[in-house]
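>>> I need the structure of the sequence given here:
(chains A and B)
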Amino acid sequence: MEHMIIETSRLCKKYRGFEAVSDLDIQVKQGSIYALIGLNGAGKTTLLKMLCGLALPTSGEITLFGENSPAGLRRACARTGVMVETPAFLPYLSARDNLEYLRIQRGSGSKASVAAALDFVGLEDAGAKHFGKFSLGMKQRLGLALAVMDGAELLLLDEPINGLDPMGIKEFRDIILHMNKERGTTVLISSHILGELSQIATEYGFLDHGKLLQHIRAAELTERCRSVLYIEVDNAARASALLRSRHENIRLTFEGNLLQISECRDETSVLIQELMENSIAVSQVRQEGIGLEEYFIQLIQGGATNA
Amino acid sequence: MLKLIQAEFYKIFRRLTFFVLLVSLPLLAVALVLIAIRGRNAGTLTGAFLVAPQLLSYPAALLPLITEFTLGEELRERTMKNTIEYGIGRGTYFVSKLISTLLLGILFVVLVYGTYFATAALSMPLGKGIGTELVHATCSRIAAASAVYAAASALSLFLLTGLNRNVSAIFAYYGLFYFTEPLLKAFKLSNGVNYLLSTQVSALTGEDPPQFGFILAVSAVTFAVFCIGSLIVLQKKDLA
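Model prediction:
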């Protein structure tokens, strides 16, 4: 049986009538790198903030490391490294003093753990520099240093590679993969840089308007992304309506005269035959693979269509 | 809790503004003594003790500076999240900030009055009437004023917690502390004036013997109300 590190049940967060997270059920299993994908305002940051206790759920339940009581969740948070939104530290303290301040507060590790964390994120030479003089990329690195300082078993990362240069992004990816592989750290990460996520994620959760549209394993996603069917017809609107009416699980969009079918349980030949039987001329049929970005866009558009 | 307070002082002892205050406030006390010596009515230690209660009104004005050191900057820089996301309870966090504020306040009171009386003792003649009774009366007033400052600290922390902007919280503090009395009088609610912190400070700086029991009771109730209020607000607050 898979051991779940994060479980939410009918989790909701409302802000003055606006539902940022709506009846959300997610499960993140131990040792996975779970990528949260969604448009701005989809509820990713709100979810992460609720998981680490920064925002209070309107309703629903959160279970971390099998604990769901308030005291239990606080204990679980101590096993969690968090980087939500832009890292915030005191501007007049150096990077080292900022981490030392938080280490004393948490009563964890030794001074060596601060040096090790700075070294781990490549800030060993900038330890004496005041946080107020840090670039955005350096701030992100320091945020990550804090997240990993206490040997976290779970990392909650919200847009962690914002502001990092290409070298920084690669280093960040290596750090996450190292922690996941060597230490067994579970990671829940959100990012808009989908290409980057696709290089590390083992599972994906697609969010839209606070709801989980789809949870899918990386292997399954790869399979789904492998082929998209393009059919050029003389009347795409009619063809689209016909196929939707006959295939409940079909996921399709169209542009001009081109139908784009990303998900369908039936054979291509069946679809073509149905179109031709209904006097829709088919001029071209081809199959192509898609990337994570395109899959996401199709999923969002499909979700909107279904709604 | 102790770790949080220890960390608080680790942070404060690395802040330049703290050291500026640490040096400038005792210097101000020395300056007051020197002014008294140079004045026409050359000062005596007795005079210094008699004047000391009149200085009790100033620390209340400096309190927002101290709460800015502890809670204010954490809210402004949004660093409070670093503590809460580690699983440290919001109540524990607030109480640690409150205790740190009170300890800082005590440090400043001891430092300023210590410097004031030490300078006066070293540089002024004794004068007439100095004795244990005068020293006791002055120290009692300072101790009672400390209770009022503790209540004012709770007020300041409550405003910082409740208002999203530190500047608004500071203005609100001065407004509540100094302008509630004329407002109550304007609305013919003069009975309420007796329960204001500013009234207690006035009683302690006045010439009449203050009612220590009443002052301590008002301070304790005010302290409790604003501490509970802060805890309630903080428990419900979503952190950015």
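>>> pLDDT score for the residue nearest in space to the middle of chain B?
The structure's chain B has its C-alpha centroid closest to residue B:149; by C-alpha atoms, centre = their mean the separation is 3.6 Å. Looking at residue B:149, its pLDDT is 90.
>>> swap in residue A:91?
Reported pLDDT for residue A:91: 93.
>>> over to the one 5 residues further on?
We note a pLDDT of 91 for residue A:96 in this prediction.
>>> element containing it?
helix A:95-106 (DSSP states H and E).
>>> hmm, residue A:299 is touching residue A:207, no?
No: Residue A:299 is beyond contact range of residue A:207, at 10.5 Å (criterion: C-beta atoms under 8 Å). All C-beta spots, glycine's among them, are computed from the backbone N, C-alpha and C.
>>> neighbour count winner among these two?
residue A:207 (25 against 21; other C-beta atoms under 10 Å in any protein chain shown).
>>> in chain A, where's the longest helix?
helix A:166-182 (DSSP state H).
>>> about what we covered before: how near is the residue nearest to the centre of chain B to chain A?
According to C-beta to the nearest C-beta, to the nearest Å, residue B:149 and chain A sit 25 Å apart.
>>> SS state for that residue?
Three-state call for residue B:149 (DSSP: H, G, I helix; E, B strand; the rest coil): helix.
>>> wait, isn't it in contact with residue B:59?
Yes: between residue B:149 and residue B:59 there is a contact under C-beta under 8 Å: 5.8 Å.
>>> mind listing the shared neighbours of these two?
Shared contacts of residue B:149 and residue B:59, defined by C-beta atoms under 8 Å, 6 or more residues apart in numbering or on different chains, are found at B:105, B:109.
>>> residues contacting residue B:54?
Applying C-beta under 8 Å, 6+ apart, the residues near residue B:54 are residue B:205.
>>> that one and residue B:44, how far apart?
16 Å (C-beta to C-beta, to the nearest Å).
>>> just residue B:182 next, same as before
For residue B:182, the distance to residue B:44 - C-beta to C-beta - is 37 Å.
>>> pLDDT weak spots in the chain?
This is for chain A. Applying pLDDT under 70 to chain A picks out residues A:1, A:226, A:264-266, A:303-307.
>>> not quite, go with chain B.
B:36-42, B:129.
>>> re the thing from before, just checking, what packs against the helix holding residue A:96?
Helix A:95-106 is packed against helix A:111-120, helix A:136-149, helix B:2-12, helix B:80-84, with contacts defined by 3 or more C-beta pairs under 8 Å, 6 or more residues apart in numbering or on different chains; DSSP states H and E.
>>> re the thing from before, what touches both of residue A:299 and residue A:207?
With C-beta under 8 Å, 6+ apart, residue A:299 and residue A:207 have common neighbours residue A:213.
>>> can you pull the contacts of residue A:197?
Counted by C-beta under 8 Å, 6+ apart, residue A:197 has contacts A:35, A:37, A:189, A:191, A:204, A:292.
>>> which single residue in chain B comes nearest to chain A?
Nearest residue of chain B to chain A, counting by C-beta to the nearest C-beta: residue B:87, 3.2 Å away.
>>> name the SS class of the closest residue to residue A:74 other than its chain neighbours, please.
Nearest non-adjacent residue to residue A:74, counting by C-beta to C-beta, 6 or more residues apart in numbering or on different chains: residue B:87, 3.8 Å away. Using three-state DSSP, the structure places residue B:87 in coil.
>>> contacts for stretch A:181-193?
A:5-6, A:28-38, A:44-45, A:48, A:51, A:151-161, A:169, A:176, A:179-180, A:197, A:200-201.
>>> in it, what's buried?
Neighbour counts over stretch A:181-193 (16 or more other C-beta atoms under 10 Å in any protein chain shown) mark A:185, A:186, A:187, A:188, A:189, A:190, A:191 as buried.
>>> got the phi and psi for the last one?
Here the main-chain torsion angles of residue A:191 (degrees, to the nearest 10) amount to phi -160, psi 160.
>>> who in the stretch 51-200 of chain A is up against chain B?
By the rule C-beta under 8 Å from any C-beta of the partner chain, the part of the stretch 51-200 of chain A lying against chain B is A:52-56, A:73-78, A:80, A:82, A:84-85, A:88-93, A:97, A:100-102, A:104-107, A:146, A:150.
>>> tell me which residue is most central in chain A.
residue A:36 (1.7 Å).
>>> so that one lies in a strand, does it not?
Yes: per three-state DSSP, residue A:36 lies within a strand segment.
>>> related to what we said a few turns ago, could you flag which of the contacts of stretch A:181-193 are buried?
A:5-6, A:28-29, A:31-38, A:44-45, A:48, A:51, A:152-161, A:169, A:176, A:179-180, A:197, A:200-201.
>>> skipping adjacent residues, who's closest to residue 79 in space?
Answering for chain A, as no chain was given. In space, residue A:79 is closest to residue A:153, 4.7 Å off (C-beta to C-beta, 6+ apart).
>>> oops, I was thinking of chain B
residue A:88 (4.9 Å).
>>> from what I can see residue B:160 touches residue B:75, true?
Yes: counting by C-beta under 8 Å, residue B:160 does reach residue B:75; the two are 6.0 Å apart.
>>> ok, which stretches of chain B are helices?
B:2-12, B:16-38, B:45-51, B:58-67, B:73-76, B:80-84, B:90-123, B:132-162, B:166-186, B:197-205, B:212-236.
>>> just those: most buried one?
Across the helices of chain B, averaging neighbours per residue (mean count of other C-beta atoms under 10 Å in any protein chain shown) puts helix B:80-84 on top, at a mean of 22.
>>> name the helices or strands packed onto it?
Partner elements for helix B:80-84 (3+ C-beta pairs under 8 Å, 6+ apart): helix A:95-106, helix B:90-123.
>>> alpha carbons only: can I get the shortest one in CSV?
Looking back up the chat, that one is helix A:95-106. Provided in CSV are the C-alpha atoms of helix A:95-106 (Å, rounded to 0.1, in the frame of the first residue of the first chain):
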residue,chain,number,x,y,z
ALA,A,95,22.1,35.6,4.6
ARG,A,96,23.9,33.7,7.3
ASP,A,97,22.4,35.7,10.2
ASN,A,98,18.9,35.3,8.7
LEU,A,99,19.3,31.6,8.7
GLU,A,100,20.9,31.5,12.1
TYR,A,101,18.0,33.6,13.5
LEU,A,102,15.5,31.1,12.2
ARG,A,103,17.7,28.1,13.3
ILE,A,104,17.8,29.5,16.9
GLN,A,105,14.0,30.1,16.8
ARG,A,106,13.3,26.6,15.6
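>>> what separates that helix from the chain centre, distance-wise?
Relative to the centre of its chain, helix A:95-106 is centred 29 Å away, using C-alpha atoms, centre = their mean, to the nearest Å.
>>> and if you look at stretch A:99-110?
With C-alpha atoms, centre = their mean, you get 29 Å for stretch A:99-110.
>>> what comes up buried for it?
Result for stretch A:99-110 [16+ other C-beta under 10 Å]: buried residues A:99, A:100, A:101, A:102, A:103, A:104, A:105, A:106.
>>> ok now do the third one, which residues does it touch?
Residues in contact with residue A:101 (C-beta under 8 Å, 6+ apart) are A:90, A:93, B:7, B:10, B:11.
>>> again, only this time at 6 Å
Residue A:101 sits next to B:7, B:10, B:11 when contact means C-beta atoms under 6 Å, 6 or more residues apart in numbering or on different chains.
>>> so it versus residue A:65, what's the distance?
Residue A:101 is 26 Å from residue A:65, by C-beta to C-beta.
>>> just the fifth one next, same as before
The spacing between residue A:103 and residue A:65, counted by C-beta to C-beta, is 22 Å.
>>> tell me where chain A has helices.
A:44-51, A:70-77, A:95-106, A:111-120, A:136-149, A:166-182, A:194-197, A:218-226, A:236-246, A:268-277, A:292-306.
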